[in-house]
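In: only geometry, no sequence info:
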């Protein structure tokens, strides 16, 4: 079966502003969310990062509910990266197909203090139930941007989880990592992406020699690939596109994937 999957770090709906507090008025934020909904409305499944559930800089609008309603998705799963008084945001998976057995995957803590205060990056795993009867696990992730000492252990945690699954597994989100040999890899040692791709569980697009149209960050000056959709080996990409959209500092990625029977 073919399935259209997207991933988009929406950067709290602030657009190209460098600070969450400079994302403009409530009216402009609403218009930006409507534009993001228009980008994702034709997808079967979309993984979203940096989505506000309750935040002062986005006028306490629940962006997950807004996008689900406007883009008319039937199913939603959420995971809170930040859960402190008056500030909640994290990852969201929206789907046309039923999502079941949803759970979080603990990723390495940057510090115990942060975790105790309510900030801890985790991944969100769900089973996607396709109309064909096929099922797969989808992991919605956003690795910490603070360096290899965070992204590589995070990739190891996701790999350990994926190896324990009976169903094929798809990874999507903001990996904050790009393979060595790609432009601006952020690291000069094997990266989180190298670890994931060398595991033999997944393959990616592009595999090598990305061009300007493959870059996902930053959206107004794209220079590296850090937003990815990884699918199981044996599955096929029918198409893979990075959209020239500047509603966030990241560009969205959309893939048509062809699954195999489980």
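Out: Yes, it's here. Given the structure is predicted, the values throughout are model-derived calculations rather than measurements.

In: burial count for residue 69?
Out: 12 (other C-beta atoms under 10 Å). (Glycine included, C-beta is placed from N, CA and C.)

In: roughly how far does it sit from residue 34?
Out: For residue 69, the distance to residue 34 equals 11 Å [C-beta to C-beta, to the nearest Å].

In: where's the residue nearest to residue 89 when sequence neighbours are not counted, which helix or strand?
Out: The shortest distance from residue 89 to any residue other than its chain neighbours is 4.6 Å, reached at residue 52 (C-beta to C-beta, 6 or more residues apart in numbering). Residue 52 is part of strand 45-54 when elements are defined by DSSP states H and E.

In: same check on residue 149?
Out: Taking DSSP H and E as the definition, one finds residue 149 inside helix 148-163.

In: all helices for the stretch 51-200 of the chain, in order.
Out: With DSSP state H, counting those that start in this stretch applied, the stretch 51-200 of the chain shows helices at 63-71, 112-117, 148-163, 192-198, listed in chain order.

In: and those helices, which one is worst for confidence?
Out: Lowest mean pLDDT within these: helix 112-117, a mean of 92.

In: if we can go back for a sec, report the contact partners of the residue nearest to residue 89.
Out: 12-13, 58, 61-63, 88-89 (C-beta atoms under 8 Å, 6 or more residues apart in numbering).

In: redo those as TSV? Include neighbour count and distance to residue 139.
Out: Shown next, in TSV, are these (neighbours: other C-beta atoms under 10 Å; distance: C-beta to C-beta, whole Å):
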residue	neighbour count	distance to residue 139
12	22	22
13	30	24
58	25	26
61	17	27
62	17	23
63	24	21
88	19	21
89	24	19
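
In: out of those residues, flag the one nearest to residue 105.
Out: Nearest to residue 105 among these: residue 89, at 17.8 Å, using C-beta to C-beta.

In: sorry, back to before: most tightly packed of the helices of the stretch 51-200 of the chain?
Out: helix 192-198 (a mean of 21; mean count of other C-beta atoms under 10 Å).

In: work out for me the element residue 229 sits within.
Out: Applying DSSP H and E, one finds residue 229 within strand 227-232.

In: turn the helices of the stretch 51-200 of the chain into a markdown table, columns for distance to residue 250.
Out: Shown next, in a markdown table, are the helices of the stretch 51-200 of the chain (distance: least, C-beta to C-beta, whole Å):
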| stretch | distance to residue 250 |
| --- | --- |
| helix 63-71 | 15 |
| helix 112-117 | 23 |
| helix 148-163 | 16 |
| helix 192-198 | 16 |
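
In: of those, which is nearest residue 240?
Out: helix 192-198 (14.9 Å).

In: just checking, what packs against the closest one?
Out: In terms of contacts (3 or more C-beta pairs under 8 Å, 6 or more residues apart in numbering; DSSP states H and E), helix 192-198 is packed against helix 148-163, strand 227-232.

In: what's downstream of that helix, the next helix or strand?
Out: Next element after helix 192-198 (DSSP H and E): strand 202-203.

In: any idea how far the residue nearest to residue 89 is from residue 170?
Out: Distance of residue 52 to residue 170, computed by C-beta to C-beta: 25 Å.
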